[in-house]
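>>> Mind looking at a prediction? Sequence and model below.
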Amino acid sequence: MRSRIVADGFSLFTDRNVVAMRVNGELRDLAVEVTETDLVEPVTIESPDGLNILRHSAAHVLAQAVQRINPETKLGIGPPITDGFYYDFDPAEPFTPEDLKAIEKEMQRIVKQGQRFVRRVVTEEEARAELAAEPYKLELIGLKGGADQGDDNESVEVGGAELTIYDNVDPKTGELCWKDLCRGPHLPSTRMIGNGWGLQRSAGAYWRGSEKNPMLQRIYGTAWPTKDELREYQTRLEEAAKRDHRKLGVELDLFSFPDEIGSGLAVFHPKGGIIRHEIETFMRNELLRNGYEVVNSPHITKGALFETSQHLNWYRDGMFPAMHLDEVVDAEGNVTKQGQDYYLKPMNCPFHNLIFRARARSYRELPLRLAEFGTVYRYEKSGTLSGLTRVRGLTQDDAHIYVTDEQVKEEIKSQLEFVFATLRAYGLDDFYLELSTRDPEKSVGTDAQWAEAEQTLREVGEESGLELVDDPGGAAFYGPKISVQARDAIGRTWQLSTVQLDFNQPALFELEYAAADGTRKQPVMIHRALLGSIERFFAILLEHYAGAFPLWLSPLQVVGIPVAEEYGEYLDGIISRLRERGVRAEVDHSDDRMPKKIRTHTKDKVPIQLIAGEDDRSAGAVSFRFRDGTQLNGVPIDEAVDRIVRTIEAREQVNSAWSV
RNA sequence: GCCGACUUAGCUCAGGGGUAGAGCAGUUCCCUCGUAAAGAACAGGUCGUGGGUUCAAAUCCCACAGUCGGCUCCA
């Protein structure tokens, strides 16, 4: 049975937006010839597959440009990524910003030239001969045929069923311009890359993602079907940059990282401090309403505790080094009294275990929920520190819940509900779940324990009705976890709450309780951080709201602005009534003019400006101005005060005039 | 930790071997004003730190620190 050749993709699809096709489910170049028994679907440039092909082809052009400028530069890999692409190189000298400009120019020439991408199947031997000068490509050829056929970034080079090389061919002369080992498919021509692309930055990156390997130089770029889409993407980046919590932290005077204290160690200024206080106060109240007991533990401990908990074994590199205390040395230098190693704590759980163990426990006490805003210190590598999201000193809203085997599922279920309700109250309401399962390389416990625990978490996750994403191998060594990912106002996702099972520590600490039948049993331990770290949660909220916090979280909730100095006293009366009701309010008595005061406090993102002049004073009223410039004029004082207090209590966001 | 870039006044930034500049913020004066910047004066920096080259370094070189962008890591 032989099928007749009917056509290639160019004749099948005349739409210029079609850049490739799916033949029997597989992505292929348009140049491939298909038969009438093949199932053929077009792939347009704006489809997810089409965008990947566009970006991958742009990466090829980047590599060609780099090698045109410096033929000695060795090639790594160059896959498409979210919103763009990169290519890794091993150049004699790292790329400078000027190099990037020159490379971009060269790329423009290649795009304009309209080189054709031509696929060619080669044997391993041929590939090795052609790529003899490319040691990294040779390494990839060597890997092919192993088990490594996954969907990782390397597979764009050698992931197919056969080895292929793509030749870039001059459309007029047919001359070979460049070639690269690649699985494809590609755009028919470099011209189709158009003008919706650009290079972004260069950065170091380990070859094949391992710090044991040499560091290559990676160039990042972005590519879109049209210039308009490129601009849209750039605008999106600018919007995200505007709400960067580090920038807002300075502008709104919320926190800082004084060099004198050390990297990754923040101080919160009064305005940041009050926001943090509100976040914590609300959280504490919720904990108490939900059956938690609050505990407290010190910041340092003797090393033995972290030997018991195995932290010194598993995480020593991430801990601050020991303080060696109490050692006595005589005049000859002999130790006459042994010292002790103390450590700053990287986690709170060992302390909570000691609280559990402080006396005999009964099944009647379970679930026992111990909560603490515990400050921990982790020696994060210098290069990983980033604003408030990755720090060396942080406060976890940490809890450890001790339950019987039978209680596990129900407890996790109610934990998740608690998490959702709490996050919604802070204004985050778009979630999905992630299930992190065992990393066989890095775990303790039996297969049966893991299987059962993972199954329990999966069931709870599925029953929640939310999207559940797998994170294979993402678990900590001591047990699987289910985490809540929240989407913020501009669609970015953040891992927030985690609920984690631990069948290691109860054993290490020999925790037990008296069961109903009089036997002693080991409790199951659940680690639960709801906000994660307060610092990081603070940063997430700050970026989510772009600094315009809901009224209850705003540092200054109400500012009084007199139309002229004369009305300052009248506003003092209104503001002091608000202060009596617990509202953070003050009058701006500075000698700026009124419009300037409005500008100042608008930039400061104060949610409510109360303005008063002659009209308001004679009516016993006050005028509102909200963040978006909307107004409510002549509101009677009682009504104004009540409405503000009610809005704070309801934890509502206020950006615009409310309907009365 | 690794690769690269950057570090000038409280903030944002200009300058670039001959000894420091702007805008905003601050202070004082003046104005008394109805919804995003009245006006004036003053004050503010050993140009990240430490070495070096030089007659002279904020500027050139080296080291260190910090920040940023990535990589690796993230209990």
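Sure thing, it's come through. Fair warning: this is a prediction, and the values are worked out from it, not measured in the lab.
>>> alpha carbons only for contacts and neighbour counts from here, please
Fine.
>>> quick one, helices of the stretch 451-600 of chain A?
A:505-508, A:534-544, A:568-580, A:594-603 (DSSP state H, counting those that start in this stretch).
>>> Point out the most buried one among those helices.
Of all the helices of the stretch 451-600 of chain A, helix A:534-544 has the most neighbours on average by mean count of other CA atoms under 10 Å, namely a mean of 22.
>>> Contacts only, for A:Ala539.
If you count contacts by CA atoms under 8 Å, 6 or more residues apart in numbering, A:Ala539 has them with A:His245, A:Leu388, A:Thr389.
>>> I'd like to know which elements the lowest-mean-pLDDT helix or strand in chain A is packed against.
Lowest on mean pLDDT, DSSP states H and E among the helices and strands of chain A sits helix A:155-158, with a mean of 74. Packing contacts for helix A:155-158, counted by 3 or more CA pairs under 8 Å, 6 or more residues apart in numbering; DSSP states H and E, involve helix A:135-143.
>>> mind redoing it with 10 Å?
The contact analysis (3 or more CA pairs under 10 Å, 6 or more residues apart in numbering; DSSP states H and E) places helix A:155-158 against helix A:135-143, strand A:164-169, strand A:176-181.
>>> what's the following helix or strand after the helix ranked longest in chain A?
If you go by DSSP state H, chain A has its longest helix at helix A:48-69. Sequence-wise, the next helix or strand downstream of helix A:48-69 (DSSP states H and E) is strand A:74-75.
>>> what are the pairing partners of that following strand, and which direction each?
strand A:84-90 (antiparallel) (DSSP bridges).
>>> just for the stretch 151-300 of chain A, where's the confidence low?
The stretch 151-300 of chain A contains residues with pLDDT under 70 at A:151-152, A:159-160.
>>> Residues of it that sit close to RNA strand B?
Neighbours of RNA strand B within the stretch 151-300 of chain A, by CA under 7 Å from any atom of the strand: A:201-206, A:209-211, A:215, A:217-218, A:246-247, A:250-251, A:257, A:259, A:262-264.
>>> Can you tell me which of those residues are buried?
A:Ser202, A:Ala205, A:Met215, A:Gln217, A:Arg218, A:Arg246, A:Phe257, A:Ser263, A:Gly264 (16 or more other CA atoms under 10 Å).
>>> rewinding a little: what comes up buried for the longest helix of chain A?
By neighbour count on 16+ other CA under 10 Å, the buried set for helix A:48-69 is A:49-68.
>>> do stretch A:545-561 as well
A:545-561.
>>> measure that stretch end to end?
Stretch A:545-561 has an end-to-end distance of 24 Å (CA to CA, to the nearest Å).
>>> For it, give the mean pLDDT please.
Mean pLDDT, stretch A:545-561: 98.
>>> Quick check, the residue in the stretch 251-400 of chain A closest to RNA strand B?
Per CA to the nearest atom of the strand, A:Gly383 is where the stretch 251-400 of chain A lies closest to RNA strand B, at 3.0 Å.
>>> residues touching the residue nearest to the spatial centre of chain A, list them.
Ranked by distance to the mean C-alpha position of chain A (CA atoms, centre = their mean), the top residue is A:Trp494 at 4.5 Å. Contacts for A:Trp494 (CA atoms under 10 Å, 6 or more residues apart in numbering) come out as A:Phe431, A:Val484, A:Gln485, A:Ala486, A:Arg487, A:Asp488, A:Arg536, A:Phe537, A:Ile540.
>>> ok, and the closest non-adjacent residue to whichever residue of the stretch 51-200 of chain A sits closest to RNA strand B?
In the stretch 51-200 of chain A, the residue that lies nearest RNA strand B is A:Pro94 (5.1 Å; CA to the nearest atom of the strand). Spatial nearest neighbour of A:Pro94, chain neighbours left out: A:Gln217 (6.4 Å); criterion: CA to CA, 6 or more residues apart in numbering.
>>> so what's the one you found up against?
By CA under 10 Å, 6+ apart, the contact list for A:Gln217 reads A:75-76, A:87-91, A:93-95, A:202-207.
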